[in-house]
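*Asks:* Quick one, fold the following:
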Amino acid sequence: MRHLGIDYGEKRIGIAVSDTEGRIAFPKKTIFNRDNRRGLEEIANLIKEEEVSKAIIGLPLAFNGSDTEETKTVRKFAEDLSKNISIAIEFENEMLTSRMAERAGIKKEHVDESAAALILQSYLDKLNR
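*Replies:* Numbers count the residues shown, from 1 in each chain. Below you'll find the predicted structure:
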């Protein structure tokens, strides 16, 4: 079962995919989010091309676990995405994933897709325990 990881941002959307066994996440690409509609279409096409069974979206929660303004934006994006795809969507806490990618020395142009891979790997690790 292949999964798609998404690190949503108003400027860039990081994308990662898992292997077909759903065990390892790989950074895939960064979508420049100038037009939300176009970004949604690109994700929907990628889901078909990669034969993805589930989308995992990073959810930016506050340190105490509560929602933030950014959380609401991501939930709205997930709602819009769900209208364009026919697979399940789940959320995974994305706390500090972009910073982790930056600190790992990932080049700036690949930080978002690397953060998406960290989000997806966290989800897969929980799933495969």
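*Asks:* helices or strands up against the longest helix anywhere in the chain?
*Replies:* Counting residues, the longest helix found in the chain (DSSP state H) is helix 111-127. For helix 111-127, the elements it packs on are strand 2-7, strand 12-18, strand 25-32, strand 52-59, strand 88-93, helix 97-103, judged by 3 or more CB pairs under 8 Å, 6 or more residues apart in numbering; DSSP states H and E. In this view, the C-beta of every residue, glycine as well, is placed from N, C-alpha and C.
*Asks:* TSV for the ones you listed, including distance to residue 41, mean pLDDT and mean neighbour count?
*Replies:* Compiled in TSV, those are given as follows (distance: least, CB to CB, whole Å; pLDDT from 0 to 100; neighbours: other CB atoms under 10 Å):
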stretch	distance to residue 41	mean pLDDT	mean neighbour count
strand 2-7	14	97	26
strand 12-18	12	96	25
strand 25-32	10	96	19
strand 52-59	14	97	22
strand 88-93	16	96	15
helix 97-103	24	68	17
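*Asks:* To residue 71, which of these lies closest?
*Replies:* Among the helices and strands packed on helix 111-127, strand 52-59 comes nearest to residue 71, with 6.1 Å by CB to CB.
*Asks:* List the buried residues of the helix or strand harbouring residue 45.
*Replies:* Using DSSP states H and E, residue 45 sits within helix 36-50. Within helix 36-50, the residues that qualify as buried are 39, 40, 42, 43, 44, 46, 47, 50, counting by 16 or more other CB atoms under 10 Å.
*Asks:* OK, contacts around residue 10?
*Replies:* 33, 73 (CB atoms under 8 Å, 6 or more residues apart in numbering).
*Asks:* what about it, which SS state?
*Replies:* Using DSSP: H, G, I helix; E, B strand; the rest coil, the structure places residue 10 in coil.
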